[in-house]
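Peer 1: A structural model of the following input is requested.
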Amino acid sequence: MLDDCLAAEGARRGELLAPHDRAAAASWARQAFARAERTVRQRINSGGETAREDLVATAAEVLDACAAVWQAFGPAGGTRRMHLTAALGRHVAEHDGLVLAVEVGCRLDPETAAAPAGAARRGIEQLDEGASDPATDLLALEHNTLVLAAIAIRATQNIDATGCANGHAGRARLSAPASLQATFAEICGHARSLLEYPCRGDIAALLSECLIIASSSTSLGPSSQTAADAVTGQTDDESRQWRRCRLRLGAREPLLCRELEAPSSGRCDPGRNEIVATAARILADTRLTEHAGYSGVCVAWANQGAALGALIPVCARALRGDLDAQHAARRTLIDRLARAVPMLWLIEHTPTGQDSAGG
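Peer 2: Alright, predicted model coming up:
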């Protein structure tokens, strides 16, 4: 359907614009991005085939507008439409991967299209005025085009999944929040067991342990255990291995949060209700409870490791008394913990993780 719309847009543009007329191409493209923003705003809370068709047409229009600008201002306009279509597919697939990794949700709001549409129009104006480097402006235009077109396509996916373009997760499992309470309680229980062992008040040691665990894989063996981890046990089942790794890492995150809190605040642990509520929202927004299995664990695990690795310089500043660094590190850890809870929940509550409870 997108290819048909894109071909129709190209034919219509060919009838309206003279070849190599830069001013006309720029004007037409700016109008196309303005129309696209209006359409997304109008249709984002709608459903049905009419909304779906409008959103697909919007994606096609902005792709063709970008191709028209490339043809007028750049060296590769003749083949740009095929490139843009392929790039859009990759862009949507990358977002789907982030959803599976519990990093982003499916919901959209009426303001979603404003930033990329506005940036695209400004980029076209810069090209038309010749005020900056054309190559840089064209690449930025392409990026914003793909973001906007992907929003329109994701809205159509939401219509297919929920009946509404905004993707409101009305069908999320009602039992998820209650189950998440138990999942978070298990993480906290393992965290308490770690406190029975020495050297649990050391930020550097805790972060080091987090990074060691995060760098491990499903082949994690007994040699990588610490004495404190022996309480969790181990099996050879892959889902149990992932679950155990997630539990070990998750248990250290609230301990790090506690150690990073300023002493004057009483070293409060991260709030249970806040984290569980955030985890429930994340899980609902991803709609992963509606899937037959959970396939995002590897990407989610890699993202956890990357986020923790980025904390090394932040924690170093925090250890030198930088309060802003302390707060930034805590925010990152609480965010990671809020995503660890649904990740662990999904391992437990999908067919491949049914037998992974315990340990």
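Peer 1: Would you map the helices across this structure?
Peer 2: 2-16, 22-43, 48-73, 80-100, 114-129, 134-162, 176-194, 203-214, 238-260, 272-286, 297-309, 311-319, 323-348 (DSSP state H).
Peer 1: now these as a markdown table including distance to L108?
Peer 2: To be clear about C-beta, it is placed using only N, CA and C from the backbone, and glycine gets the same treatment. Shown next, in a markdown table, are the helices of the chain (distance: least, C-beta to C-beta, whole Å):
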| stretch | distance to L108 |
| --- | --- |
| helix 2-16 | 18 |
| helix 22-43 | 8 |
| helix 48-73 | 10 |
| helix 80-100 | 11 |
| helix 114-129 | 12 |
| helix 134-162 | 6 |
| helix 176-194 | 21 |
| helix 203-214 | 31 |
| helix 238-260 | 29 |
| helix 272-286 | 11 |
| helix 297-309 | 22 |
| helix 311-319 | 30 |
| helix 323-348 | 20 |
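Peer 1: Need those helices in a markdown table (columns: mean neighbour count, mean pLDDT and distance to C106).
Peer 2: Converted to a markdown table, the helices of the chain look like this (neighbours: other C-beta atoms under 10 Å; pLDDT from 0 to 100; distance: least, C-beta to C-beta, whole Å):
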| stretch | mean neighbour count | mean pLDDT | distance to C106 |
| --- | --- | --- | --- |
| helix 2-16 | 15 | 60 | 19 |
| helix 22-43 | 20 | 92 | 15 |
| helix 48-73 | 23 | 92 | 15 |
| helix 80-100 | 17 | 89 | 6 |
| helix 114-129 | 20 | 93 | 18 |
| helix 134-162 | 21 | 93 | 6 |
| helix 176-194 | 18 | 84 | 15 |
| helix 203-214 | 19 | 87 | 26 |
| helix 238-260 | 23 | 85 | 23 |
| helix 272-286 | 19 | 86 | 6 |
| helix 297-309 | 18 | 86 | 16 |
| helix 311-319 | 17 | 92 | 28 |
| helix 323-348 | 21 | 90 | 14 |
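Peer 1: Nearest to R107, out of these?
Peer 2: Closest approach to R107 among the helices of the chain (C-beta to C-beta): helix 272-286, 5.3 Å.
Peer 1: Outside of the closest one itself, list whatever touches it.
Peer 2: 99-100, 102, 104-107, 167, 169, 172, 176-177, 180-181, 183-184, 188, 289, 334, 337-339, 341-342, 345-346 (C-beta atoms under 8 Å, 6 or more residues apart in numbering).
Peer 1: That one vs helix 323-348, what angle?
Peer 2: Orientation check (axes from the mean of the first three to the mean of the last three C-alpha atoms, to 10 degrees): helix 272-286 against helix 323-348 gives 60 degrees.
Peer 1: Just give me how far helix 272-286 sits from the chain centre.
Peer 2: How far helix 272-286 lies from its chain's middle: 15 Å, per C-alpha atoms, centre = their mean, to the nearest Å.
Peer 1: Leaving out sequence neighbours, find the closest residue to G123.
Peer 2: For G123, ignoring the flanking residues on the chain, the nearest one in space by C-beta to C-beta, 6 or more residues apart in numbering is L141 at 4.4 Å.
Peer 1: From N303, how far out is the one you found?
Peer 2: Separation of L141 from N303 (C-beta to C-beta, to the nearest Å) stands at 29 Å.
Peer 1: I appreciate the help and will end here.
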